[in-house]
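S.K.: Predicted model and sequence follow; I will ask about them next.
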Amino acid sequence: MNGNDIANIHLALADELLSSVADKKTDKEIWDTLTKLYESKSLHNKIFLNRRLYTLQMAETTSVIDHINTIRTIFSQFTTLGKQIEENERVEHLLQSIPDSYDQLIINLTNNILLDYLAFDDVVAVILEEENRRKKRQK
C-alpha cells in the first residue's frame, strides 16, 4: 500500500482514532489495530452488547425497518463475539422491543401458532405489514 492509500484511510477515520493508527505502516496493521480495539471478545464488550440488546426499545416514531436493522446489527455483533442467538430468542427480543401499541399483534401471533416456534423473518414480515396497515389508516 502506498502513502496515498494510508492517507485516504486516515482521512476516513474519525479524529479520535487517528492516534491509534498513526504509526502503522500498512493497511493490515491499521485493520488489525482497529479490529483489536472494536471487535474484541472482551467481557466488557459482551456485557455492553447484552445491555444494549436487553434495553433496546423501539420508539413509536421509529420506523419498523430501522428498528429491525438495529436489532439485526446487534445479533450480528453477537455472532462476531462468538455467541449465537437462537431463532426463538431473536423472535422474543424483537417482540419485547416493539412498542406497547403492538400488543394486540403480539397476542395474535403467539396465540395462533401450533408450535412453540416462530421464525424471525416471518415475524418481521407480520410487523412490517402491521406498520404499513397503520400508515394507510392514517392517510
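M.R.: That came in fine, so what should we check first?
S.K.: alpha carbons only for contacts and neighbour counts from here, please
M.R.: Will do.
S.K.: Go through this structure and flag its longest helix.
M.R.: helix 120-138 (DSSP state H).
S.K.: And it, what does it pack against?
M.R.: Other helices and strands packing on helix 120-138, by 3 or more CA pairs under 8 Å, 6 or more residues apart in numbering; DSSP states H and E, are helix 64-80, helix 87-97.
S.K.: chain center to the longest one: distance?
M.R.: If you compare the mean C-alpha spot of helix 64-80 with that of the full chain, they lie 2 Å apart, counting by CA atoms, centre = their mean, to the nearest Å.
S.K.: helices or strands next to that helix in the packing?
M.R.: helix 43-55, helix 87-97, helix 120-138.
S.K.: Select, out of these, the one closest to D66.
M.R.: Closest to D66 of those, according to CA to CA: helix 120-138, at 10.9 Å.
S.K.: Contacts for the closest one, please.
M.R.: For helix 120-138, contacts defined as CA atoms under 8 Å, 6 or more residues apart in numbering pick out 64-65, 68, 87-88, 90-91, 105.
S.K.: buried residues in it?
M.R.: Neighbour-count burial for helix 120-138 flags 120, 123-124, 127-128, 131 (criterion: 16 or more other CA atoms under 10 Å).
S.K.: now these in CSV, with pLDDT?
M.R.: Putting the buried residues of helix 120-138 into CSV (pLDDT from 0 to 100) gives the following:
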residue, pLDDT
F120, 94
V123, 94
V124, 96
I127, 96
L128, 96
E131, 95
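S.K.: Good, wrapping up.
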